[in-house]
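> Sequence below, structure please.
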Amino acid sequence: MTQRFLAYIRILRPLNFLFVFIAVLFGVYYKIQAFPLLYPVLAALAAALISGGGYVINDYYDYSIDVINRNERVLPSGLISKIVAKFYALLLFTVGILISIFIRNPWMIALAILNTLLLYFYALKGKQLHFFGNLLVAFITASTFIFGSFITGNFSNAIFVALCAFFYTFIREIVKDIEDKEGDSSTGSKTLPLIWGNKKTLIVAFLSWIGLLVVIIWAYPRYYTLTFLIIILISIVLLLLLDIVILYITQNKKLIKFSERYMKIHMLIFLVILWVAQ
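From the prediction side, this is the model:
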């Protein structure tokens, strides 16, 4: 019973769930002095539940791929049936949208509904969309910061973090596609690594890295001092470039798997630095 209960949590990708929750709060409070906590927490919960629904419905449609790539996941391991997972995803989407409606901000309601539709569409067609699927996921991730900003009218500050998240997520999604290449090829998917190969795909990741670099340099000195700019360039931008270069040179499967997971933590570290620097 305990194992089955934990499966409903595992399938939500707890680290990703937490990241979305933090991202919304970041969008609310970044460079904002004070604001009551109730609505921001509700907004963060709504976005996290919708993202959780996206993970569940993605696992539902990616079942045959995950049997090959990630057979340790909840659905291939049989802890939750496919039909139950589909209803679980719809429940998460519905609750997330209802919470957004309760907050009574039309922009948040619209974005909650839009992201729900995009997540469902991505789960259904994402593996056939080439790099457009990666762009879609990057947009959804970036929009979580914007989602929170609607509460405090903090769009002008949140857009900077959202742009960073967009470019960073696009890179991570590309690395994830390289990691999943074997399973994707067995199901007729059309991801970028399958069409162009790993090295050309990593060149696309490098172009996204340039976009991230441009945004970070553009943000100085409005968002941080020269000291923090140097810290960000060394600990975030340079390390990310090093990661891409190593993947390009080695093509090591274990390293690619590690890199995709490392990037999740790395992005959280980036947010911590931005928060301290404000």
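> So what's the residue count around the closest residue to Thr191 other than its chain neighbours?
Spatial nearest neighbour of Thr191, chain neighbours left out: Asp177 (4.3 Å); criterion: C-beta to C-beta, 6 or more residues apart in numbering. Quick note: C-beta positions are derived from backbone N, CA and C, even for glycine. Residues within reach of Asp177, counting by other C-beta atoms under 10 Å, total 24.
> With the one 4 residues further on instead?
Residues contacting Lys181 under the criterion other C-beta under 10 Å number 21.
> In terms of pLDDT, where does the nearest residue to it once chain neighbours are set aside sit?
With sequence-adjacent residues excluded and distances taken as C-beta to C-beta, 6+ apart, Lys181 is closest to Pro193, at 4.9 Å. The model reports Pro193 with a pLDDT of 90.
> who's in contact with Pro193?
Pro193 makes contact with 174, 177-178, 181, 184, 201 under the criterion C-beta atoms under 8 Å, 6 or more residues apart in numbering.
> which is the next helix or strand following the helix or strand containing the residue nearest to Thr191?
Assessed by DSSP states H and E, Asp177 sits inside helix 155-179. Later in the chain than helix 155-179, the nearest helix or strand by DSSP H and E is helix 181-186.
> elements contacting that following helix?
helix 63-69, helix 192-196 (3 or more C-beta pairs under 8 Å, 6 or more residues apart in numbering; DSSP states H and E).
> Give me whichever of these is most buried.
Ranked by mean neighbour count, these are led by helix 192-196 with a mean of 19 (mean count of other C-beta atoms under 10 Å).
> Skip ahead from it and say which helix or strand is next.
Following helix 192-196 in sequence order, the next helix or strand is helix 198-219 (DSSP H and E).
> Just the angle for that following helix relative to helix 155-179, thanks.
Here helix 198-219 points in a direction 170 degrees away from that of helix 155-179 (axes from the mean of the first three to the mean of the last three C-alpha atoms, to 10 degrees).
> now helix 198-219: how far from the chain's centre is it?
17 Å (C-alpha atoms, centre = their mean, to the nearest Å).
> what residues does that helix touch?
Residues from elsewhere that reach helix 198-219 (C-beta under 8 Å, 6+ apart): 131, 160, 163-164, 167-168, 170-171, 174-175, 177-178, 181, 192-193, 196, 229, 232-233, 236-237, 240-241, 244, 247-248, 251.
> middle-most residue in this protein, spatially?
In the chain, the centroid-proximal residue (C-alpha atoms, centre = their mean) is Thr141; its distance is 4.5 Å.
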